[in-house]
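A.B. asks: sequence? don't have it. structure:
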């Protein structure tokens, strides 16, 4: 039972344009959501997070939006840069547990 | 300075062998984890330790035994390795927020 889903395995975007990565979840107990970025042969690196009491969190070029009623979150990267090419994982957990549930990842490729 | 380190990075071994993966964090975090990323790229938690105490133990075979000699270390010992154990294993640690991951250990069981 996949509680966190990233339905797009890959995304290709031109440099300078916006990248939008999507994530859906099924567990209504989740109240904290994170995005991780992963380069080949490296561990996932934390990118940005959002608590369920917010609907938007911004950090530089990265913005995460949360729609609780739809159980959907998205990561916007603007402008996209070639160095953003990586696999992006969405993750979620509940306040009373450290257990992160990960999505299967979306491979983003930013081309010149 | 590497925040979360794992050794070895690659591990190739025969079925039936016993092997260990070591993990160390220098972030002063209280909680450490082991994750497994299988061939389908699912990243799933296996264990979590807080201050050397086991907190999370997912449905992992008994052949997998984590050991935390101190807060900064969480090692993973695997007995009687099977083909299905082939995966990338990630160690992670956290303080009060996000988890920081090690570079991963790619285990291949032949």
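C.D. replies: Received the coordinates, thanks. Not measured: the values here are computed from a predicted model.

A.B. asks: Which parts of the chain are strands?
C.D. replies: I'll assume chain A. In chain A, strands defined by DSSP state E lie at A:4-5, A:10-14, A:19-25, A:32-38, A:45-51, A:56-59, A:62-67, A:72-77, A:86-93, A:101-102, A:106-111, listed in chain order.

A.B. asks: look at chain B instead
C.D. replies: Using DSSP E, the strands found in chain B span residues B:4-7, B:10-13, B:19-25, B:31-37, B:43-50, B:53-57, B:64-70, B:73-78, B:87-94, B:99-101, B:105-109.

A.B. asks: Which of the ones you listed sits closest to chain A?
C.D. replies: Each of those was checked against chain A via CB to the nearest CB, and the shortest separation belongs to strand B:99-101, namely 3.3 Å. In this view, the C-beta of every residue, glycine as well, is placed from N, C-alpha and C.

A.B. asks: looking at it, residue A:14 is touching residue A:80, isn't it?
C.D. replies: Yes. Under the criterion of CB atoms under 8 Å, residue A:14 is in contact with residue A:80, at a separation of 7.5 Å.

A.B. asks: anything in contact with each of those two?
C.D. replies: Common neighbours of residue A:14 and residue A:80, using CB atoms under 8 Å, 6 or more residues apart in numbering or on different chains, are residue A:110.

A.B. asks: the more surrounded of these two?
C.D. replies: Between residue A:14 and residue A:80, counted using other CB atoms under 10 Å in any protein chain shown, residue A:80 has the larger neighbour count: 23 against 12.

A.B. asks: The more buried one and residue A:21 touch, don't they?
C.D. replies: No. At 10.8 Å, residue A:80 does not count as touching residue A:21 under the criterion of CB under 8 Å.

A.B. asks: does any bit of the helix or strand bottoming out on mean pLDDT in chain B sit next to chain A?
C.D. replies: Among the helices and strands of chain B, strand B:53-57 carries the lowest confidence by mean pLDDT, DSSP states H and E, at a mean of 85. Yes. Part of strand B:53-57 sits close enough to chain A to count as contact by CB under 8 Å from any CB of the partner chain, namely B:55-56.

A.B. asks: Can you give me the separation between the residue in chain A that chain B sits nearest to and residue B:43?
C.D. replies: Distances from chain A to chain B, computed as CB to the nearest CB, single out residue A:43 as the nearest residue at 3.3 Å. Taken as CB to CB, to the nearest Å, the spacing of residue A:43 relative to residue B:43 amounts to 10 Å.
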